[in-house]
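S.K.: generate coordinates for the sequence data below:
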Amino acid sequence: MGEKSINKKNFILEIARDIFCKKGYSRTTMKDVVEACGISRGGVYLYFDNVKDLFEAILDSESSKDEDFGDKIPEDASYSDVLALFVKEKKKQILSKKPSLDVAIYEYYFENKISGKKNFIRNDFDMSLYVLEELIKEGIENGEFYDIDAKAAASNLMYVFEGLKIAARTRGISESTVDEEIMYVMQGIIAED
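M.R.: Below is the predicted model:
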């Protein structure tokens, strides 16, 4: 694919992403994308066969854009500091007011049974769960965290994050409520001095 084709495809993805953020997955049509792009129907269909194909390309581009959490960690950070940074990033995602694909992603997965490596939600959750579990294990060994089941604690915290994210997108949630819920779980992890 030449540079012009790549640019055109990326333009379509960018416009389609905005539409999915506004309308969700279920209500977005190829006609919406064609009209918003100002490109002929054939020009859009040259790159994408249908809404599902288009949305999956957006999910692929989203997963490749994810920031590496490790790049944000100072070298001299304690395990408690790293956990606090992890929680801060999750809280930022939960409370973000920027247009988000979250609702469209949930709709997509409710309508399509996607398994394995193509399951964006599962992969994102599993990667965060792994990072969190390893962090908690290291914090336990270092004496910064209580001697707890690291896998269960990480899983519990991830389900709290997921629930808060859904609550934020569906009914709204205050920052103080997010803080209270997260702190409740954190009290069972971080050992007091």
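S.K.: quick one: low-confidence parts of the chain?
M.R.: 64-70, 193 (pLDDT under 70).
S.K.: can you map out the helices along it?
M.R.: 3-23, 30-37, 41-45, 51-65, 79-95, 102-111, 120-142, 150-170, 175-186 (DSSP state H).
S.K.: closest to residue 72 out of those?
M.R.: Closest to residue 72 of these is helix 79-95 (Cβ to Cβ; 6.2 Å). Placement of C-beta: from N, CA and C, glycine included.
S.K.: return the closest one as PDB; C-alpha atoms alone will do.
M.R.: Output of helix 79-95 as PDB, limited to C-alpha atoms (Å, rounded to 0.1, in the frame of the first residue of the first chain):
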ATOM      1  CA  TYR A  79       6.300  -0.600  45.000                       C
ATOM      2  CA  SER A  80       3.700   1.600  46.800                       C
ATOM      3  CA  ASP A  81       4.700   4.500  44.400                       C
ATOM      4  CA  VAL A  82       4.300   2.300  41.400                       C
ATOM      5  CA  LEU A  83       0.900   1.000  42.600                       C
ATOM      6  CA  ALA A  84      -0.200   4.600  43.200                       C
ATOM      7  CA  LEU A  85       0.900   5.600  39.700                       C
ATOM      8  CA  PHE A  86      -1.000   2.600  38.300                       C
ATOM      9  CA  VAL A  87      -4.100   3.600  40.200                       C
ATOM     10  CA  LYS A  88      -3.800   7.200  39.100                       C
ATOM     11  CA  GLU A  89      -3.700   6.100  35.400                       C
ATOM     12  CA  LYS A  90      -6.800   3.900  35.900                       C
ATOM     13  CA  LYS A  91      -8.600   6.700  37.700                       C
ATOM     14  CA  LYS A  92      -7.700   9.100  34.900                       C
ATOM     15  CA  GLN A  93      -9.300   6.700  32.400                       C
ATOM     16  CA  ILE A  94     -12.400   6.300  34.500                       C
ATOM     17  CA  LEU A  95     -13.000  10.000  34.900                       C
END
